[in-house]
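>>> this one's structure only:
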């Protein structure tokens, strides 16, 4: 039987579509949630607390999700998580309608929603190698396209969110977010109903996964140097940009534009990676990515004109999109299949831990010292990271090889 007959791109397209709507919903909420809390409480500290609630549970749920995916399967885990988030988010506009949407109640709901966020993302990412194999698409191209989708939704989500808030109000915006969740559930049902029979594989422990992580120097270096970027992960959209816009009297539309221009850069960077991934050296891209973070903070610190801030923000997104696509590809390619779900769990838990601590710390720093001093501190941190990454150029350069996994996919 020829290879072309075996190729089925429908599962691959489904996972891309699911990622698109999931990313759109997340980016929509990245604007809606902090704007709702700021409008309701006029407190950046409350905004940081609710942002912390949206992140911290993922640290623990990610670790729990690894064994869960191994036990019940990737498609079923993804479906359960998306249905649960749909039901929980659907409660918020109902509470607003009855006038009982207290800030702490919304915070509790967001905390519960976040418990299902990481497991759903991990299950979807764990499906990527199989669905790439079914579609005859190399993994690095799929991860590049997924990151490009995330980038494009980072453009569309904030713009749509800012416009919906202006035209439909906060309650209407929450209703739209619930509608997006309903579409995700339908897509997950389609994936689940068309799944293949599960293949039983040996169950490994976290100790075995961590031992493998310590032995693989490339994987270890990739993850350890990626983690500092999450200092500005969720903090950027949940705290820094809303605080900057709110402090300078801009509207939610400008907040959406800031998020959108960064997403446009990430979209273009990820597309570039999907085409030229074999020519990119890890340490070079790492340095450029750190420099992009540094530039994005400095343009806010010096209060440059709006058009310059938007232009610089888009440029900063370029290395981010390419870098995150590279990191995801390296993790999927270098991790053996039996270890993959738990490796994704450890990586996801570590990123959410960094983001949770950063959100709470930056919120407290802005509350005590103001936005300007907080931006100065963050720029100092990334300035040091740029210098450290430059030192890595003296070491043997690491150019990821994605061809081995792709060739082996069709012989398993």
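Nice, I can see it. What you see is a predicted model, and the numbers here were worked out from it, not measured in a lab. Numbering: from 1, shown residues only.

>>> which secondary structure element contains residue 250?
Assigned by DSSP states H and E, residue 250 belongs to no helix or strand.

>>> State the pLDDT value of residue 63.
Listed pLDDT for residue 63 reads 86.

>>> meant to ask about residue 403, not that
For residue 403, the model assigns a pLDDT of 50.

>>> now the one 4 residues further on
Model confidence at residue 407, given as pLDDT, is 38.

>>> Can you give me the buried ones in the one helix or strand residue 218 maps to?
Here residue 218 sits within helix 217-226, counting by DSSP H and E. Within helix 217-226, the residues scored as buried using 16 or more other C-beta atoms under 10 Å are 219, 221-223, 225-226. Heads up, the C-betas are built off the backbone N, CA and C, glycines and all.

>>> any idea where the helices of the stretch 1-150 of the chain begin and end?
Under the criterion DSSP state H, counting those that start in this stretch, the stretch 1-150 of the chain contains helices at 3-6, 10-41, 44-53, 56-72, 74-97, 103-115, 117-135, 139-193.

>>> how far out from the middle of the chain is the fifth one?
In this view, helix 74-97 has its centroid 18 Å away from the chain centroid, taken as C-alpha atoms, centre = their mean, to the nearest Å.

>>> mind putting the buried residues of helix 217-226 in JSON lines, pLDDT and distance to residue 258 included?
Shown next, in JSON lines, are the buried residues of helix 217-226 (pLDDT from 0 to 100; distance: C-beta to C-beta, whole Å):
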{"residue": "219", "pLDDT": "89", "distance to residue 258": "34"}
{"residue": "221", "pLDDT": "88", "distance to residue 258": "32"}
{"residue": "222", "pLDDT": "89", "distance to residue 258": "29"}
{"residue": "223", "pLDDT": "91", "distance to residue 258": "29"}
{"residue": "225", "pLDDT": "92", "distance to residue 258": "26"}
{"residue": "226", "pLDDT": "92", "distance to residue 258": "23"}
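
>>> ok so, going back, could you tell me the least trusted of the helices of the stretch 1-150 of the chain?
helix 3-6 - the lowest mean pLDDT of the helices of the stretch 1-150 of the chain, at a mean of 47.

>>> how about residue 347, what does it touch?
Neighbour list for residue 347: 223, 331 [criterion: C-beta atoms under 8 Å, 6 or more residues apart in numbering].

>>> Just after the strand or helix carrying it, pick out the following helix or strand.
If you go by DSSP H and E, residue 347 is part of helix 337-369. Next helix or strand after helix 337-369 toward the C-terminus (DSSP H and E): helix 371-391.

>>> Could I get the average pLDDT for that next one?
Mean pLDDT, helix 371-391: 93.

>>> Report the angle between the helix holding residue 218 and helix 371-391.
Angular relation of helix 217-226 and helix 371-391 on a 0 to 180 degree scale: 160 degrees, by axes from the mean of the first three to the mean of the last three C-alpha atoms, to 10 degrees.

>>> Tell me which residues are up against helix 217-226.
Contacts for helix 217-226 (C-beta under 8 Å, 6+ apart): 213-214, 282, 286, 323, 327, 330-331, 334-335, 347, 350-351, 389, 392, 398, 400.

>>> so residue 367 sits right up against residue 45, yeah?
Yes - judged on C-beta atoms under 8 Å, residue 367 makes contact with residue 45 at a distance of 4.8 Å.

>>> Quick check: residue 86 vs residue 190, distance?
To residue 190, residue 86 is 15 Å away according to C-beta to C-beta, to the nearest Å.

>>> Show me which of the two is the more surrounded one.
Remark: of residue 86 and residue 190, residue 86 carries more neighbours, 22 against 16, as counted by other C-beta atoms under 10 Å.

>>> from memory the more buried one sits against residue 181, does it?
Yes - using C-beta under 8 Å, residue 86 is in contact with residue 181, at 4.1 Å.

>>> Residue 242: what's it in contact with?
Residues near residue 242 by C-beta under 8 Å, 6+ apart: 34-35, 38, 47, 255.

>>> How many residues are close by residue 306?
12.

>>> actually residue 249, sorry about that
When neighbours are defined as other C-beta under 10 Å, residue 249 has 7 of them.

>>> same check, this time on residue 133
23.

>>> Against residue 52, how distant is it?
39 Å.

>>> now do residue 235
Applying C-beta to C-beta, the value for residue 235 to residue 52 is 10 Å.

>>> overlap in contacts of those two?
Common neighbours of residue 235 and residue 52 (C-beta under 8 Å, 6+ apart) are residue 359.

>>> What are the phi and psi values at residue 102?
Main-chain dihedrals, residue 102, degrees, to the nearest 10: phi -60, psi 150.

>>> give me the number of residues near it?
Residue 102: 11 neighbours (other C-beta under 10 Å).

>>> And the contacts of stretch 62-74?
77, 118-119, 122-124, 126-127, 195, 198, 201, 203, 206, 341-342, 344-346, 348-349, 352.

>>> hang on, the earlier thing: how many degrees apart are the helix holding residue 347 and helix 56-72 in direction?
170 degrees.

>>> and the nearest residue to residue 48 once chain neighbours are set aside, what pLDDT?
Distances taken as C-beta to C-beta, 6 or more residues apart in numbering put residue 363 closest to residue 48, at 2.2 Å, once the chain neighbours are dropped. Residue 363 carries a pLDDT value of 84.

>>> wait, doesn't residue 363 sit right on residue 47?
Yes - assessed by C-beta under 8 Å, residue 363 is found in contact with residue 47 at 6.9 Å.
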